[in-house]
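# got a predicted model here, sequence first, then my questions.
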There are 2 protein chains.
Amino acid sequence: MSVEDRRVKRLPREVREKQILDAAVRVFSEHGYHNASMDEISEVAGVSKPMIYAYLGSKEDLFAACIQREANLLMEAIVSGIDADAPPDMQLWMGLRSFFEFVGSNKQSWRVLHRQAISQGGPFSEELLAMRSRAINLVDALLVRTATKRGMDEHTQKSTEAMAAALVGASESLADWWLDHPAVPTRAVASWLMNLVWMGFGDLVEGNVWTPAEH
Amino acid sequence: MSVEDRRVKRLPREVREKQILDAAVRVFSEHGYHNASMDEISEVAGVSKPMIYAYLGSKEDLFAACIQREANLLMEAIVSGIDADAPPDMQLWMGLRSFFEFVGSNKQSWRVLHRQAISQGGPFSEELLAMRSRAINLVDALLVRTATKRGMDEHTQKSTEAMAAALVGASESLADWWLDHPAVPTRAVASWLMNLVWMGFGDLVEGNVWTPAEH
């Protein structure tokens, strides 16, 4: 055993796992699941292959662990970005902005989470569906609170879950579009979606836009 | 060769191919790509396996042909449902209504197109991406026409492709939600999305809704 190996071994397990997962997200997002090699992940992580297998299992397990971690980080970023005491439009804006900020500063995560997980199918797309459900529930809860407070009619109240599903789909699809248009600033993308779902296209063509209230 | 075989053989090739594709869409949507068997497709279609292979190739080729056909049918349904002389809100409404009517009366197509194609990955998800691009271009063209006519500012005009991507994602996601909530009428789903994207949630909580102009 080399000196370096012994030094590395002293790191606590969670630190080692983080190194492995960081490396795996990078390698999976660059090469895709099928073409990613455990050799490259081992090299990037600076952790031996046997240790990766011991800590996080097979390549399939490792990919699933990446999706789970990135999905949790994304959901935490969104939830912690929302001030539950703010008015509904500001809460929606905070949530959208946090989502696009996360995607913007974690493009590799998003590639793994969304594009790779979708294109690999099977168990991975189920992990993704579970994350989508959590996101839909979060948006639904916000819309229900708003609808109840404002005394929206019963018919519209019934539609909140459907609208939440539409909004989550719109966010995902726009984030995907953004990967191919990286020059567009985060705030612009978030603001376009906010205006589309809060003001609607009918208002936008009339020149009515939504802007966040000053703090 | 039995009498029945000889009778079947007289059908023109396009009729036979349609029988095969109809059967394949049904079997793929019920069992998924991996679990679907060519035996069952052959039985449902009433066409022998060697003839299926001769006409449409391997199971993979057959699945790709299903996605292509269903994607074309969907796009044709949307385009033919839009009256290009109608006002922009009516055009958007017609497009959305045609989309949900297609999904509602072709739930098997949608399952194959969307869920199966996504969960199988690889070449199938590329077919799906190509269809999404066509849909985004269609919506973008509508938004650009509207924005130009109404003299929308340059900044908003730049956002039309992004908004089109958001709208297509919202439609897909809502259609997916609808598969799990089949009791909701077609018109309700289409109208919820129309209201979300045309009026915006800000108007909806104030009780302002969009309804189609009377013909």
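Yep, that arrived.
# for whichever strand or helix holds A:E172, buried residues please.
According to DSSP states H and E, A:E172 maps onto helix A:160-179. Within helix A:160-179, the residues that count as buried by 16 or more other Cβ atoms under 10 Å in any protein chain shown are A:160-178. Every C-beta, even on glycine, is put in place using the N, C-alpha and C of the backbone.
# and that helix with helix B:160-179, angle?
140 degrees (axes from the mean of the first three to the mean of the last three Cα atoms, to 10 degrees).
# starting at the chain centroid, how far to helix A:160-179?
12 Å (Cα atoms, centre = their mean, to the nearest Å).
# what about the residue sitting nearest the centre point of chain A, distance to A:G81?
Centroid-nearest residue in chain A: A:L74, 4.0 Å away (criterion: Cα atoms, centre = their mean). Separation of A:L74 from A:G81 (Cβ to Cβ, to the nearest Å): 11 Å.
# now do the SS call for A:P212.
Recorded secondary structure, A:P212: coil (DSSP: H, G, I helix; E, B strand; the rest coil).
# what's near enough to touch it?
Residues near A:P212 by Cβ atoms under 8 Å, 6 or more residues apart in numbering or on different chains: A:M90, A:W93.
# that one and chain B, how far apart?
13 Å (Cβ to the nearest Cβ, to the nearest Å).
# what do you get for A:V25?
19 Å.
# just the buried positions in the helix or strand where that residue lies, please.
Element membership for A:V25, per DSSP H and E: helix A:13-35. Within helix A:13-35, the residues scored as buried using 16+ other Cβ under 10 Å are A:16-17, A:19-29, A:32-33.
# check which element follows that helix along the chain.
helix A:38-45.
# run the angle between that next one and helix A:13-35 for me.
Using the same axes, to 10 degrees: helix A:38-45 against helix A:13-35 is 140 degrees.
# care to break chain A down by domain?
Domain assignment for chain A by automatic domain parsing gives A:1-57, A:67-215.
# which of the ones you listed is buried the deepest?
domain A:67-215 (a mean of 19; mean count of other Cβ atoms under 10 Å in any protein chain shown).
# which one of the domains of chain A lies closest to B:N106?
The closest of the domains of chain A to B:N106 is domain A:67-215. By Cβ to Cβ, the value is 19.3 Å.
# how about A:A86, secondary structure?
coil.
# which residues does the nearest residue to it once chain neighbours are set aside contact?
Nearest residue to A:A86, sequence neighbours excluded (Cβ to Cβ, 6 or more residues apart in numbering or on different chains): A:M94, at 6.7 Å. Contacts here follow Cβ under 8 Å, 6+ apart; on that basis A:M94 touches A:G81, A:I82, A:D83, A:A86.
# check the gap between A:M94 and chain B for me.
On the measure of Cβ to the nearest Cβ, A:M94 and chain B end up 15 Å apart.
# now A:T160
Distance from A:T160 to chain B, by Cβ to the nearest Cβ: 9 Å.
# where is pLDDT lowest across the contacts of A:M94?
Lowest pLDDT among these: A:A86, with 88.
# ok, of the contacts of A:M94, which one's closest to B:P185?
So of the contacts of A:M94, ranked by how close each gets to B:P185 (Cβ to Cβ), first place is A:I82, at 33.0 Å.
# now do the contacts for that closest one.
Contacts of A:I82 (Cβ under 8 Å, 6+ apart): A:Q91, A:M94, A:G95, A:S98, A:L142.
# any idea of the angle the helix or strand hosting A:A71 forms with helix A:38-45?
A:A71 belongs to helix A:59-81 when assigned by DSSP H and E. Here helix A:59-81 points in a direction 40 degrees away from that of helix A:38-45 (the same axes, to 10 degrees).
# if you look at helix A:59-81, does any of it touch chain B?
No. Using Cβ under 8 Å from any Cβ of the partner chain, helix A:59-81 stays clear of chain B, with a minimum separation of 12.6 Å.
# quick one: the next helix or strand after that helix to helix A:160-179, angle?
Using DSSP H and E, the next helix or strand after helix A:59-81 towards the C-terminus is helix A:88-105. Relative orientation of helix A:88-105 and helix A:160-179, computed by the same axes, to 10 degrees: 30 degrees.
# just after helix A:88-105, pick out the following helix or strand.
Next along from helix A:88-105, by DSSP H and E: helix A:107-110.
# packing partners of that following helix?
Packing partners of helix A:107-110 (3 or more Cβ pairs under 8 Å, 6 or more residues apart in numbering or on different chains; DSSP states H and E): helix A:13-35, helix A:59-81, helix A:88-105, helix A:160-179.
# let's go with 6 Å and repeat that
Helix A:107-110 is packed against helix A:13-35, with contacts defined by 3 or more Cβ pairs under 6 Å, 6 or more residues apart in numbering or on different chains; DSSP states H and E.
# which helix runs longest in chain A?
helix A:123-149 (DSSP state H).
# any low-confidence regions in chain A?
Along chain A, the parts satisfying pLDDT under 70 run over A:1-9, A:116-123, A:149-157, A:205-207, A:213-215.
# could the contacts of A:I82 be laid out in a markdown table, adding distance to A:R115?
A markdown table is the format used below for these (distance: Cβ to Cβ, whole Å):
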| residue | distance to A:R115 |
| --- | --- |
| A:Q91 | 28 |
| A:M94 | 26 |
| A:G95 | 22 |
| A:S98 | 21 |
| A:L142 | 27 |
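# need the max-distance pair from those.
A:S98 and A:L142 (12.8 Å).
# now list whatever residues contact both of these two.
The contact sets of A:S98 and A:L142 do not overlap (Cβ atoms under 6 Å, 6 or more residues apart in numbering or on different chains).
# hmm, back to that, can you add distance to B:A147 and give the domains of chain A back as a markdown table?
Below are the domains of chain A laid out as a markdown table (distance: least, Cβ to Cβ, whole Å):
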| stretch | distance to B:A147 |
| --- | --- |
| domain A:1-57 | 35 |
| domain A:67-215 | 6 |
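# of the ones you listed, which is nearest B:M131?
That would be domain A:67-215 among those, by Cβ to Cβ, at 13.1 Å.
# what sits against A:L167?
A:V139, A:V197.
# over to the one 5 residues further on?
Contacts here follow Cβ under 6 Å, 6+ apart; on that basis A:E172 touches B:G169.
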